[in-house]
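In: model this:
(one chain, ligands or ions: 3)
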Amino acid sequence: MAIPNVRIPSRQLYIDGEWREPVKKNRIPIISPATEETIGDIPAATEEDVDIAVEAARRALGRDDWGSTTGAQRAKYLRAIAAKILERKSELAKLESLDCGKTLFEAAWDMDDVAACFEYYADLAEALDSKRKTPVDLHLDSFKTYVLREPIGVVGLITPWNYPLLMATWKVAPALAAGCAAILKPSELASITCLELGEICREVGLPPGALNILTGLGPEAGAPLVSHPHVDKIAFTGSGATGVKIMTAAAQLVKPVTLELGGKSPIVVFDDIDNLDLVVEWTLFGCFANAGQVCSATSRLILQESIASEFLERLLLWIKNIKISDPLEEDCKLGPVVSSGQYEKVLKFISKAKDEGATILCGGERPQHMKKGYYVQPTIITDINTSMEIWKEEVFGPVLCVKTFKTEEEAIELANDTKYGLASAIMSKDLERCERFTKAFQTGIIWLNCSQPTFMQLPWGGRKRSGFGRDLGEWGLENYLNIKQVTQYTSDEAWAFYKSP
Ligand SMILES: NC(=O)C1=CN([C@@H]2O[C@H](COP(=O)(O)OP(=O)(O)OC[C@H]3O[C@@H](n4cnc5c(N)ncnc54)[C@H](O)[C@@H]3O)[C@@H](O)[C@H]2O)C=CC1
Ligand code: BAL
Ligand code: NA
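Out: Ligands and ions are numbered 1, 2, ... in the order given. Predicted coordinates:
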């Protein structure tokens, strides 16, 4: 299919409010996941560019036009960014879809969420003005105390390719709301819309250096940000392996990090459900939306044995309705995965599962009608045991594992049988049971009778190997604030600890 009528802008790095060629002048090709063709390129930053961007960010913090702003003033910039996102929504959605392969519908959804997230943190920036200084009453005459909440400083934001602009926004919006100066390092696999965010910031007159955008490879552009002595904090979303590297490097400088590292989330389905189809749809959405490339994807279906065969039959019927096509085609519900590397990785997971004795109930290969592109059929795998790789590791593709259970205890044990702890879902009309599972699930996010709906007012993050810290909500803002206590002695009396001479 021909590339639609949207031009992929050729950009440089966005540093200090300007477009700037990388010092080493290198560029990285953009490969369309739908056609495997090269459709453009992005600049590749290195350590030298990181140094320049960090200096620009530090200068911004020291300048009145950013460093002395009130939350209300910063809110104006955030709202202006939100308005521009909405103005360019259809173009940005197309660019996102071209870059990472997500369906145009989902990309448009993302752009609405991006704009709403900037709006939301504009409100929180305004509210911060009255919370910036909080008196603490010690009930003592001789002391007056208060607590200040200040921007943490220069922050490095390292983000993935599955929701390129949205995951960037989850960090950029609260960082700017807090008054930090930020350096965003998006994924080299999908950076187009993040670079457009640079153009939007330029257009709305965001003070230079408040947000810098460095595209490039992880080890070349991300790692120097993490180990830079003048970057005060790193917020990261991505793979566990990279999370470990970031935490290790940050530890050398005792630099705070927040890590959102994906998972292997369960969806537990009980036989008391009234409407089978409703639950089947949530199960599909929970695992196959965004082609399964979702950190919180509920990719382990834990199904009560008494309804297992009926439920799986319905799942197979519903799967036939999933339109697999170029992601820009109308009604496409499953596009390609992001890259050839991800495609190979997903297919390898499936063939290893087969080798280990699991059954591929449906899918398992590329759809016959898609001759080019990194497409993988929606895949359901059964006859799994808990020592198999497919049960234990994050696939990040359209692959659902199924295991059955008889008792509630068994279901809880299977649900928590993972090193990860991001999200869990339970489908049951028994609300007391839902409450028991809410307590038992070892995850940061719990969905009752649904899977994946995400609201920016709520904290997002996990435990165990899914990382720590929370994006979104007021917790997301706290990530970028320093707490400073101030204690003032207000008495005229001597302290009288030492004897006066
Ligand atoms: N939790 C999540 O939302 C995500 C999980 N993943 C998982 O990770 C797997 C690998 O995907 P990748 O794109 O390679 O993920 P990744 O974790 O390597 O990439 C995420 C970000 O980290 C950067 N990065 C890589 N190495 C770095 C380093 N040493 N220092 C600083 N930054 C670095 C990348 O450039 C990118 O911006 C996927 O197959 C999937 O299973 C991928 C993306 C998102
Ligand atoms: N639902 C978006 C969260 C993520 O995959 O990171
Ligand atoms: Na791409």
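
In: alongside ligand 2, which residues does the stretch 101-250 of the chain contribute?
Out: The stretch 101-250 of the chain has residues Asn162, Tyr163, Met167, Thr237 near ligand 2, with proximity defined as Cβ under 6 Å from any ligand atom. For every residue, glycine as well, the C-beta is placed using N, CA and C.

In: make it 8 Å
Out: Pro160, Asn162, Tyr163, Leu166, Met167, Thr237 (Cβ under 8 Å from any ligand atom).

In: tell me the one among those nearest to ligand 1.
Out: Checking these against ligand 1 with Cβ to the nearest ligand atom, the nearest one is Pro160 at 3.2 Å.

In: and that closest one, what does it touch?
Out: Going by Cβ atoms under 8 Å, 6 or more residues apart in numbering, Pro160 touches Met167, Ser187, Thr237, Gly238, Ser239.

In: just the ones of the residues you listed in helices?
Out: Among the contacts of Pro160, the members falling in helices (DSSP state H) are Met167.

In: quick check on the residues of the stretch 101-250 of the chain next to ligand 2: which are buried?
Out: For those, a burial check counting by 16 or more other Cβ atoms under 10 Å picks out Pro160, Asn162, Tyr163, Leu166, Met167, Thr237.

In: can you map out the strands along the stretch 151-300 of the chain?
Out: Along the stretch 151-300 of the chain, the segments classed as strands by DSSP state E, counting those that start in this stretch run 154-158, 181-185, 211-213, 233-237, 257-260, 266-269, 300-304.

In: next SSE downstream of the last one?
Out: Right, the one you point to is strand 300-304. Per DSSP states H and E, the first helix or strand lying C-terminal to strand 300-304 is helix 308-319.

In: who does that next one touch, helix- and strand-wise?
Out: If contacts are counted by 3 or more Cβ pairs under 8 Å, 6 or more residues apart in numbering; DSSP states H and E, helix 308-319 sits against helix 276-288, strand 359-362, strand 379-382, strand 399-405.

In: interface residues of the chain facing ligand 3?
Out: Asp99, Leu189, Ala190 (Cβ under 5 Å from the ion).

In: now mean pLDDT and distance to Glu393 too, for the strands of the stretch 151-300 of the chain, in JSON lines please.
Out: Shown next, in JSON lines, are the strands of the stretch 151-300 of the chain (pLDDT from 0 to 100; distance: least, Cβ to Cβ, whole Å):
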{"stretch": "strand 154-158", "mean pLDDT": "99", "distance to Glu393": "22"}
{"stretch": "strand 181-185", "mean pLDDT": "99", "distance to Glu393": "25"}
{"stretch": "strand 211-213", "mean pLDDT": "99", "distance to Glu393": "32"}
{"stretch": "strand 233-237", "mean pLDDT": "98", "distance to Glu393": "18"}
{"stretch": "strand 257-260", "mean pLDDT": "98", "distance to Glu393": "18"}
{"stretch": "strand 266-269", "mean pLDDT": "98", "distance to Glu393": "14"}
{"stretch": "strand 300-304", "mean pLDDT": "98", "distance to Glu393": "11"}
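
In: ranking those strands by burial, who's on top?
Out: strand 211-213 (a mean of 31; mean count of other Cβ atoms under 10 Å).

In: any part of that one near ligand 1?
Out: No - judged by Cβ under 8 Å from any ligand atom, strand 211-213 and ligand 1 are separated, with a smallest distance of 11.8 Å.

In: show me the contacts for the closest residue to Asp331 other than its chain neighbours.
Out: Excluding its sequence neighbours, the residue lying closest to Asp331 (Cβ to Cβ, 6 or more residues apart in numbering) is Lys323, at 5.2 Å. With contact set as Cβ under 8 Å, 6+ apart, Lys323 has these partners: Glu329, Asp331, Cys332, Lys333, Leu334.

In: got a ChimeraX select line for the buried ones in those?
Out: Command for ChimeraX, covering only those of the contacts of Lys323 found buried under the criterion 16+ other Cβ under 10 Å:
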select :332,333,334
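
In: closest to Cys401 out of the buried ones among the residues of the stretch 101-250 of the chain next to ligand 2?
Out: Asn162 (19.4 Å; Cβ to Cβ).

In: per-residue confidence for the nearest residue to that closest one once chain neighbours are set aside?
Out: In space, not counting the residues next to it along the chain, Asn162 is nearest to Gln293; the distance is 4.3 Å by Cβ to Cβ, 6+ apart. On pLDDT, Gln293 comes in at 98.

In: if I pick Val23, what's in contact with it?
Out: Thr46, Glu48, Asp49, Ile52.

In: what's the most distant pair in those residues?
Out: Maximum distance among the contacts of Val23 (Cβ to Cβ): 10.5 Å, for Thr46 and Ile52.

In: OK, contacts around the residue of the stretch 301-450 of the chain found nearest ligand 3?
Out: Proximity of the stretch 301-450 of the chain to ligand 3 (Cβ to the ion) peaks at Val338, 6.4 Å away. With contact taken as Cβ under 8 Å, 6+ apart, Val338 is in contact with Pro33, Cys100, Gly101, Trp161, Asn162, Leu189, Ala190, Gln293, Tyr374.

In: show me these that map onto helices.
Out: Using DSSP H, the contacts of Val338 in helices are Cys100.

In: wouldn't Glu199 be in contact with Gln12 here?
Out: No - counting by Cβ atoms under 8 Å, Glu199 sits too far from Gln12 to count as a contact (10.9 Å).

In: please identify which of these two sits among more neighbours.
Out: Neighbour count, other Cβ atoms under 10 Å: between Glu199 and Gln12, Gln12 has more, with 20 against 16.

In: surely that one touches Asn26?
Out: No - checked against Cβ under 8 Å, the pair Gln12 and Asn26 is beyond contact range at 11.7 Å.

In: need the residues touching each of these two.
Out: Pro43.

In: could you check how far the most centrally placed residue in the chain is from Asn290?
Out: In the chain, the C-alpha nearest the mean C-alpha coordinate belongs to Met167, at 4.0 Å (Cα atoms, centre = their mean). Per Cβ to Cβ, to the nearest Å, Met167 is found 12 Å from Asn290.
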